[in-house]
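Visitor: this is a predicted model, with the sequence first.
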Amino acid sequence: MILRFLQRLPGKTDYILPALLLFVALLMGGLSLLPETASLHVSGYVVSLFGKYLCYALLALSVDLVWGYAGILSLGHGAFFALGGYAMGMYLMRQIGTRGVYGDPVLPDFMVFLNWHDLPWYWYGFSQFAFAVAMMALVPGLLAFVFGYLAFRSRVSGVYLSIITQALTYALMLAFFRNDMGFGGNNGLTDFKDILGANLQSDGTHAVLMLASAVLLCVFYLLCRLLIRSRFGKVLVAVRDAESRTRFLGYRVERYKLTVFVFSAVTAGFAGALYVPQIGIINPSEFAPANSIEAVIWVAVGGRGSLVGAVIGAILVNFAKTVFTGAFPELWLFALGGLFILVTLFLPRGLVGLWAQVHGRFTRYREAKREGTLRVETVPRHGDLPEAKLEVGE
Amino acid sequence: MQLLRRLLPLICCLLLCCQAGRAASADAIDDAAAGFSSSSYADIEKTVAAFAASGDPAAAAILQALGDGQLMVTEDHHLFIQADDGSLTDIRNHQKVAADAAADARPVKVNNKVRRAIEAAMGQLTLLSPDPVQRRAAAESVFHDPDPARLPLLEAAIAKERANGVKARLEQARAAILLTDASSSPPDKLAAIATLVERGDQDARAMISASMASADPAVAAAATTAVKRIDLSLSLWSGVQSVYYGLSLGSVLLLAAIGLAITFGVMGVINMAHGEMVMLGAYTTFVVQDLIRVYVPGLADYSLLPAIPIAFLVSGLVGIIIERCIIRFLYGRPLETLLATFGLSLVLQQAIRSLFGASNREVTNPSWMSGSFDLGGLVLTYNRLWIIVFAFAVFAGILLLLSRTPLGLQMRAVTQNRRMAASMGIRTEWLDSLTFGFGSGIAGIAGVALSQIDNVSPNLGQSYIIDSFMVVVFGGVGNLWGTLVGALSLGIANKILEPVAGAVLGKIVVLVLLVLFIQRRPRGLFPLKGRAVES
């Protein structure tokens, strides 16, 4: 079955990005294991940073899948990301054991601090890694299923959907800020010690986590590729471009949307789960609506509707963020905001589409020149019929 | 001798209690002087209470000096008030004395307990003041600290009182004393309970419930029914108070959302930078207030009035610039508009942060907007009340503008049928800019109001944007009345849930309910009907 799966990946081009990513990740991981005196040594900080970008890239991939291919602009994907992160954080909290400040064998520090005596029921099982992994997929998936089922069934779409997804992540943020939720309140979960027995502070663990992120990103990239190449993917694009028409052709549009939404949420959940051990903390600000919108802009910069674009966009924008916030912290928000505006105004297909855009414009110009007419088209507005075209004759 | 000294103040107290209310000037001062020269704080505290109850005309001044640490006492029990320049004034003959005449004078010892006693005593001393406001405050002070020793003074005050409101307070204070005093007779206590029920607040309830365990069955039964009655009326009032808070929150939401109802509801433009237009309005208020304070300090109290049109213009102009430079290229692409305007909101926030700093800016409440008044069991603060009035005025103004002016007519025409409007000679592009600028300007006006109740910081707009969108979507896009109903019902729902579920949880519940509601009725409470909806 797996073979048939792989056979359906047409062309070698699909493997270029995963191969490149794995190569860079392996190289970086290898270099980080060199002795610190070596000139090519890469510090653990840089490795974690790259690992973080990879997690963001996975998040961007999940956003692109729903936005770029199914036309669902979710402004709440940060919620799924954070939920996956919390599942991982809970596992890591349980691994601390007696090494916490209060040394309680069962309760995490913040619960001792809040004078709690028993572990809340929803913390049971998180000492098992397998259970935690299941939760990383199940919790975001379930939330996406319930939310998506209600939303798509009543045909909430477009801007309305965006606004209520934003409200969803906002409500979750408020909820997780509360101390009595049992997730550490304001401070979130932190002070992790080790994962699967490996010390989280060591460079080796950082390298392995970064590699794991790269592998997971590649796996999900190929999965998404498969998905959109399949018949299912074609229907998704049809839903994006003409929802009513697809429905009238007999497709159950809601089911397609729901499936891709849940899959995307699970992807985001895993991204968050790998993000947390590399960053060392998860707190409610990950739910902030601005984070989710930022993920959308990574996709927009890279190129909406292009999986490669999402990955590239996430890595590039975050690299720029690291550089900017280090060098000119004042300017970062100007740059990010400007990016939003410029990309939506001038790069509707993102960086990946830039070549096609320039190329297309150039060929059109050449053709026009050959025919002797330059044609200026006005953009149709408010869904009106195209207004009169202005002809500038020779 | 030492023992006698210790006992002396106690004896004075007893003596004074018996003759409280009668004029007892010289003796009272002598006794007080003896008490004040004690080295024990407990004695001094008792002396303060006794002295206040003596009704001595100079008592207020002396206690004031004691509180300020300016009351000096000598070994032979002479009291002096020390002026700021160090000179001493004898209390008995009001003569200034040379510093060496009272070389052994030392300040009377004061600690926090004594200070509290002074405060309570000062409160009662004003029972007979000519100013009704002071008398009322004094009655309240006695009510909260019912001491049987004050009964005679209180009864004298009741007999003299002419103003009804103050008289009721005095009688409540008297009832408090009677009820808490174990020695008063059952009929007195029953009467006291009846008086206190009239008052009907939390303090009265606490006082009555204490006598529910009274030995006298009639008193105990009366107390039980009285507590029940008070509970009922208290819960009623707190319900009304919640509704008022909800109305106030709702009017804030209305102000924040109504500009959005125009740009999003009427034009269909998702402006995520709407919150920043509100913020710009708030900062404009800050700047205007500062300028007025510097150049025309006399008008500082009215700086909000010019701030309203100026904020409208500032936010409106910024809105028009945004429309011309960004939004007009994105008509018909709502998701892109959302992203671009979100980017814009980041830029605006950072710009304000760079200009004014990240910390909160203080916009002071003018005097006519600070303070509060009671209405039955309600506490109405003036700033909230003004904002409610203001929100409704703005709403009415917008309705009038849209339905009664040529500009409003053209706006509606363009949104309903752009091409036909254009054929009738309306400059649709220009009108798009104007409408967007108008919506943004209203946001600026909202900023003026919000600067009065919220922190003026670069994040001001952020905290309202999600709520505002929810209001517009809840009410039904394109319907101003829907926005009004949506804002008020959301505000009231929030505030009614708040005491039950807590502030944050209440907000979460409202958000979740809203999300569910939108899924039931995607087009809001009052959806538009007709073909325009389908486009």
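Guide: Structure received. The structure presented is a predicted model; accordingly, all values stated were derived computationally and were not measured. Numbers count the residues shown, from 1 in each chain, chains lettered A, B, ... in the order given.

Visitor: please count neighbours and contacts with C-alpha atoms only from this point.
Guide: Noted.

Visitor: now the strands: where do they sit in the stretch 51-200 of chain A?
Guide: Under the criterion DSSP state E, counting those that start in this stretch, the stretch 51-200 of chain A carries strands at the ranges A:189-190, A:194-195, A:198-199.

Visitor: could you say which of those strands is packed most deeply?
Guide: Compared across these, strand A:189-190 shows the largest average neighbour count, a mean of 22 (mean count of other CA atoms under 10 Å in any protein chain shown).

Visitor: ok, which of the strands of the stretch 51-200 of chain A comes nearest chain B?
Guide: Checking the strands of the stretch 51-200 of chain A against chain B by CA to the nearest CA gives strand A:189-190 as the closest, at 20.4 Å.

Visitor: which residues of the stretch 51-200 of chain A lie near chain B?
Guide: Residues of the stretch 51-200 of chain A found near chain B (CA under 8 Å from any CA of the partner chain) are A:73, A:150-151, A:154-156, A:158-160, A:163-164, A:166-168, A:171-172, A:174-175, A:178.

Visitor: thinking again about what came up before, could you dump the strands of the stretch 51-200 of chain A to TSV with distance to residue B:503 and mean pLDDT?
Guide: Formatted as TSV, those follow (distance: least, CA to CA, whole Å; pLDDT from 0 to 100):
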stretch	distance to residue B:503	mean pLDDT
strand A:189-190	24	90
strand A:194-195	37	88
strand A:198-199	41	86
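
Visitor: can you list these in TSV and add distance to residue A:92?
Guide: Output for the strands of the stretch 51-200 of chain A, formatted as TSV (distance: least, CA to CA, whole Å):
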stretch	distance to residue A:92
strand A:189-190	9
strand A:194-195	6
strand A:198-199	11
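
Visitor: just the buried members of the residues of the stretch 51-200 of chain A next to chain B?
Guide: Neighbour-count burial (16 or more other CA atoms under 10 Å in any protein chain shown) applied to these gives A:73, A:150-151, A:155-156, A:159-160, A:163-164, A:166-168, A:171-172, A:174-175, A:178.

Visitor: picking up where we left off before, which of the strands of the stretch 51-200 of chain A sits closest to residue B:379?
Guide: strand A:189-190 (41.8 Å; CA to CA).

Visitor: packing partners for that closest one?
Guide: On a contact count with 3 or more CA pairs under 8 Å, 6 or more residues apart in numbering or on different chains; DSSP states H and E, strand A:189-190 meets helix A:77-96, strand A:281-282.

Visitor: can you list contacts of the last one?
Guide: Going back to what we said before, that points to strand A:281-282. By CA atoms under 8 Å, 6 or more residues apart in numbering or on different chains, the residues outside strand A:281-282 that reach it are A:82, A:85-86, A:89, A:188-192, A:276.

Visitor: ok, so of these, who is nearest residue A:262?
Guide: Using CA to CA, residue A:82 comes nearest to residue A:262 of these, at 15.2 Å.

Visitor: name all residues that make contact with residue A:345.
Guide: By CA under 8 Å, 6+ apart, the neighbours of residue A:345 are B:326, B:329-330, B:340.

Visitor: actually, residue B:129.
Guide: Residues near residue B:129 by CA under 8 Å, 6+ apart: residue B:135.

Visitor: same question, residue B:507
Guide: Contact analysis of residue B:507 by CA under 8 Å, 6+ apart lists A:171, B:494, B:498.

Visitor: wouldn't the first one be in contact with residue B:508 here?
Guide: Yes - in this structure, residue A:171 is within contact of residue B:508 by CA atoms under 8 Å, at 5.2 Å.

Visitor: got TSV for the helices and strands packed on strand A:189-190, with mean pLDDT and mean neighbour count too?
Guide: As requested, these are exported to TSV (pLDDT from 0 to 100; neighbours: other CA atoms under 10 Å in any protein chain shown):
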stretch	mean pLDDT	mean neighbour count
helix A:77-96	94	29
strand A:281-282	92	22
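
Visitor: any chance of the ones you listed in JSON lines, plus distance to residue A:48?
Guide: Putting these into JSON lines (distance: least, CA to CA, whole Å) gives the following:
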{"stretch": "helix A:77-96", "distance to residue A:48": "16"}
{"stretch": "strand A:281-282", "distance to residue A:48": "13"}
